[in-house]
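Chemist: when you get a sec, could you give me coordinates for this:
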Amino acid sequence: MRDDNGPLLRKRREQWVEPLWKSILSNKGLMPLLWCFFPGHPNLLASWFDGEKPQIAAGESYVRKPIYSREGGNVTIFDGQNNVVDHADGDYADEPMIYQAFQPLPRFGDSYTLIGSWIVDDEACGMGIREDNTLITKDTSRFVPHYIAG
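Modeler: Here you go, the predicted structure:
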């Protein structure tokens, strides 16, 4: 609400409701399951549940993420010697965790960039670009939404 268009949103009558099925797609617990069924797939990162055998070689960097979280909350990046490289606070510290091989986001200038998408009725209808100066994008990161027409 702090950007130039924020006051306009308060004047609108629409109500936004996230459907229950979205909690399935945003559940990071899917990542270890997908890795289990498709190990080594080029579009997946090695992932495992807390308490399971790590799916990466000793000395490789990894990330700890709450199964249910948003916008980088309680994400921690570790180097190959288990030292914290970056951490984002949040409201999800008591959630179950997964671990995942670390893959840094693309960097353009001083910004790490993450692209998200909105899908409605099996059609891409929006894209969001989130950028941050740290390795973890958060709710304070710069965000630019894009609408896909047609």
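
Chemist: longest helix of the chain?
Modeler: Taking DSSP state H as the criterion, the chain has its longest helix at helix 30-37.

Chemist: ok, the closest residue to residue 104 other than its chain neighbours - contacts?
Modeler: Spatially, and ignoring its direct neighbours in sequence, residue 104 is nearest to residue 135 (6.3 Å; C-beta to C-beta, 6 or more residues apart in numbering). Glycine gets a C-beta too; all of them are placed from N, C-alpha and C. If you count contacts by C-beta atoms under 8 Å, 6 or more residues apart in numbering, residue 135 has them with 77, 85, 86, 104, 105, 112.

Chemist: let me see the mean pLDDT of the longest helix of the chain.
Modeler: Per-residue pLDDT over helix 30-37 has a mean of 97.

Chemist: sort out which residues of that helix are buried, please.
Modeler: 31, 32, 35 (16 or more other C-beta atoms under 10 Å).

Chemist: wait, the second one sits on residue 48?
Modeler: The one in question is residue 32. Yes. At 5.1 Å, residue 32 counts as touching residue 48 under the criterion of C-beta atoms under 8 Å.
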